[in-house]
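**Student:** The amino acid sequence is not available; the structure is as follows:
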């Protein structure tokens, strides 16, 4: 079963930074849009960022704009989510996933592939 693998989560103080990584099979990274969504207890799932497979264009949710950055490394089949100025509200399990096109990621359609998630906790 094809799976994406997230890493880089952990406990960080408010204002701190983390970089999440997502290892992706090459045949997925070259075709599918990749994004990150998060799920916190008692809250709805939220797509925070997406990156296109075609032109590398990106999307960031308003809640993370100016603080998070998504990027990809095609040579190493990795997608990153750099998270700066973290807030307690950013606490959640973060998942990377693949959608056919970036717009489907932005609209939070059902993804084609995903990982198991990595926990991010922002607390003093």
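**Tutor:** That came through, no problem. Since we're looking at a predicted model, the values are computed, not measured.
**Student:** quick one, phi/psi of residue 28?
**Tutor:** Dihedral angles of residue 28 (phi, psi; degrees, to the nearest 10) stand at phi -80, psi -50.
**Student:** Tell me who's in contact with it.
**Tutor:** Residue 28 makes contacts with 2, 4, 34, 98, 113, as judged by C-beta atoms under 8 Å, 6 or more residues apart in numbering. For glycine as for every other residue, the C-beta is placed from the backbone atoms N, C-alpha and C.
**Student:** Could you measure from it over to residue 16?
**Tutor:** 31 Å (C-beta to C-beta, to the nearest Å).
**Student:** same thing with residue 103?
**Tutor:** 32 Å.
**Student:** looking at the chain, which helix or strand is least sure?
**Tutor:** helix 26-29 (a mean of 88; mean pLDDT, DSSP states H and E).
**Student:** what helix or strand is the most centrally placed residue in the chain on?
**Tutor:** What sits nearest the mean C-alpha location of the chain, by C-alpha atoms, centre = their mean, is residue 36, with 2.2 Å. Secondary-structure element containing residue 36, defined by DSSP states H and E: strand 33-39.
**Student:** Just the element for residue 105, please.
**Tutor:** In the assignment (DSSP H and E), residue 105 maps to helix 102-106.
**Student:** next structured bit after that helix?
**Tutor:** From helix 102-106, the next helix or strand downstream (DSSP H and E) is strand 113-114.
**Student:** which helices and strands does that next one pack with?
**Tutor:** strand 92-99 (3 or more C-beta pairs under 8 Å, 6 or more residues apart in numbering; DSSP states H and E).
**Student:** Tell me how far the strand it packs on lies from the chain's centre.
**Tutor:** In terms of C-alpha atoms, centre = their mean, to the nearest Å, the gap separating the centre of strand 92-99 from the centre of its chain is 5 Å.
**Student:** and it, what other elements does it pack with?
**Tutor:** Strand 92-99 sits against strand 5-7, strand 18-23, strand 33-39, strand 46-51, strand 78-83, strand 113-114, strand 118-122, with contacts defined as 3+ C-beta pairs under 8 Å, 6+ apart.
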